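# Predicted structure and sequence below. I'll ask about it afterward.
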Amino acid sequence: MNVLITGGCGFIGFNLSMFLKQKGFNVIAMDNLVRRGVELSREILEDRGVEFVHGDIRNIEDFSNISKKIDIILNTAAEPSAIEGYKNPYFDFTNNFLSVVNVLELARKNKIKVIQWSTNKVYSGDKINGIKRKELGTRFEFDDEKYNDGIDESFSVDGNDHSIYGLTKLSADLFCQEYANAFNLNIIVNRFSCLGGEWQWGLPKQGWFSWWPIAFVYKFPLMYIGWKGKQLRDVLYIRDICELVLKQIESIDDFKGEVFNVGGGVKNTMSLIEATNYLEKKMGFKPKIKYEPNPRRADQCVYVSNIKKVCSTFNWKPKVSPEAAMDNILNWAQKNKELLDKVYK
């Protein structure tokens with residue numbers, strides 16, 4: 001099977017490319033190489049036998065650079081920051097929505113299957129933050145028994161507080177559902193919560209969980225923005241993501257626009273303070289912490305995915321705890337510091 005991974009040199013795309021290559025798939029990684037660090041990922045992928053195509057999915061013509069017939073597209077390409085979109089909404093529009101329409105048009109014309117990377121930001125910050133919550137010593141939690149298992153797929157996507165990022169991802173999410181039904185396409189939409197793992201050349205705005213251990217290795221300051229660092233997320237480790245996507249690839253013929261909330265679920269949650277405390281014990285020092293009392297616009301104080309649907313549908317569940325994931329990222333950062341120096345020094 002020929003698998004095209006858009007954003008193939010980004011955090012998710014890179015790990016999926018290596019994982020699926022090891023599983024025997026023919027993998028084509030497509031990336032525009034605009035983000036720092038991705039040129040290192042390209043070198044590693046090509047050394048592992050993954051075919052690389054330089055292209056930007058905002059330009060539909062760039063798909064002509066692909067010589068092979070594609071069976072399935074894993075669309076991991078995006079502008080991942082919920083912060084930057086307010087500075088330049090059109091940039092988010094082209095990266096996160098127009099690009100997906102290009103992918104869907106390619107799929108429609110060639111009967112290609114698609115797995116789309118969506119996000120918990122399709123749910124309005126106002127509506128998520130409107131759920132009753134309680135404050136504990138190191139975290140906030142939902143305090144409404146209706147959400148004991150987290151947010152499921154039936155939660156309303158209405159509202160005007162998604163962030164520009166979330167709005168563009170929601171638009172793409174709905175387009176995927178519509179195209180699947182209208183044009184009889186096999187499409188799965190995954191609304192991911194907090195993801196973490198090795199090989200993420202990022203900053204907090206692109207994924208705080210992976211940034212925390214890197215910041216400790218370099219003794220960079222940490223930033224708590226709103227809620228005193230007690231904001232809570234369910235965390236999903238990259239290996240668990242890859243295992244799920246493999247199962248979805250194997251059964252995608254059964255799905256036409258199905259939506260799944262995907263994360264670590266209620267058993268795998270961590271707040272910023274808890275991540276800091278954990279790494280302080282591991283590393284033996286306290287980092288400098290900066291406090292910004294006001295939350296970012298459209299941010300969610302507590303978000304935990306209800307993963308019952310995705311677990312039962314694909315006979316899958318997360319295996320790696322946030323603590324074990326943090327250990328793995330920390331070990332990777334320490335062992336590959338010479339490589340990371342090219343990005344962070």
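Yes, it's here.

# Report the contact partners of Ile151.
Under the criterion of CB atoms under 8 Å, 6 or more residues apart in numbering, the contact partners of Ile151 comprise Asn120, Tyr123, Ile128, Asn261, Tyr303, Val304, Ser305, Asn306. For glycine as for every other residue, the C-beta is placed from the backbone atoms N, C-alpha and C.

# per-residue confidence at it?
Looking at Ile151, its pLDDT stands at 98.

# That one bridge partners, please.
Partner residues in beta bridges with Ile151, using DSSP bridges, are Ser305.

# Please export the C-alpha coordinates of the longest helix anywhere in the chain as CSV.
Longest among the helix segments of the chain by residue count, using DSSP state H, is helix 163-182. Taking C-alpha atoms only, helix 163-182 is exported to CSV below (Å, rounded to 0.1, in the frame of the first residue of the first chain):
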residue,chain,number,x,y,z
SER,A,163,-9.5,30.3,18.2
ILE,A,164,-8.8,30.9,14.5
TYR,A,165,-6.8,27.7,14.5
GLY,A,166,-9.8,25.7,16.0
LEU,A,167,-12.2,27.4,13.5
THR,A,168,-10.1,26.4,10.5
LYS,A,169,-9.7,22.8,11.8
LEU,A,170,-13.5,22.6,12.5
SER,A,171,-14.2,23.8,8.9
ALA,A,172,-11.8,21.1,7.6
ASP,A,173,-13.4,18.5,9.9
LEU,A,174,-16.9,19.2,8.5
PHE,A,175,-15.6,19.2,4.9
CYS,A,176,-14.2,15.8,5.5
GLN,A,177,-17.5,14.5,6.8
GLU,A,178,-19.4,16.1,3.9
TYR,A,179,-17.1,14.8,1.2
ALA,A,180,-17.2,11.3,2.6
ASN,A,181,-20.9,11.2,2.3
ALA,A,182,-21.3,13.2,-1.0
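
# nearest spatial neighbour of the residue nearest the centre of the chain, skipping sequence neighbours?
By CA atoms, centre = their mean, the chain has its centre lying nearest to Leu195, at 5.3 Å. Nearest non-adjacent residue to Leu195, counting by CB to CB, 6 or more residues apart in numbering: Leu236, 5.5 Å away.

# and the one you found, helix, strand or coil?
With DSSP: H, G, I helix; E, B strand; the rest coil as the basis, Leu236 sits in strand.

# Run through the residues that contact it.
With contacts defined as CB under 8 Å, 6+ apart, Leu236 is in contact with Phe192, Ser193, Cys194, Leu195, Gly196, Val262, Gly263, Gly264, Asn268, Pro318.

# Do I have it right that the first one meets Ser118?
By that I understand Phe192. Yes - look at Phe192 against Ser118 with CB atoms under 8 Å: they come within range, at 6.9 Å.

# Settle it for me: which of those two has more neighbours?
Looking at Phe192 and Ser118 with other CB atoms under 10 Å, you find the greater number of neighbours at Ser118, namely 26 against 18.

# what sits against that one?
Ser118 makes contact with Lys169, Leu170, Ala172, Asp173, Val189, Asn190, Arg191, Phe192, Val259, according to CB under 8 Å, 6+ apart.

# pLDDT value on the second one, please?
Read that as Leu170. At Leu170, pLDDT is 97.

# Which residues does stretch 65-75 contact?
1-7, 13, 16, 26, 28, 30, 51, 53-55, 57, 100, 103, 106-107, 110, 112-117, 245, 249, 252.
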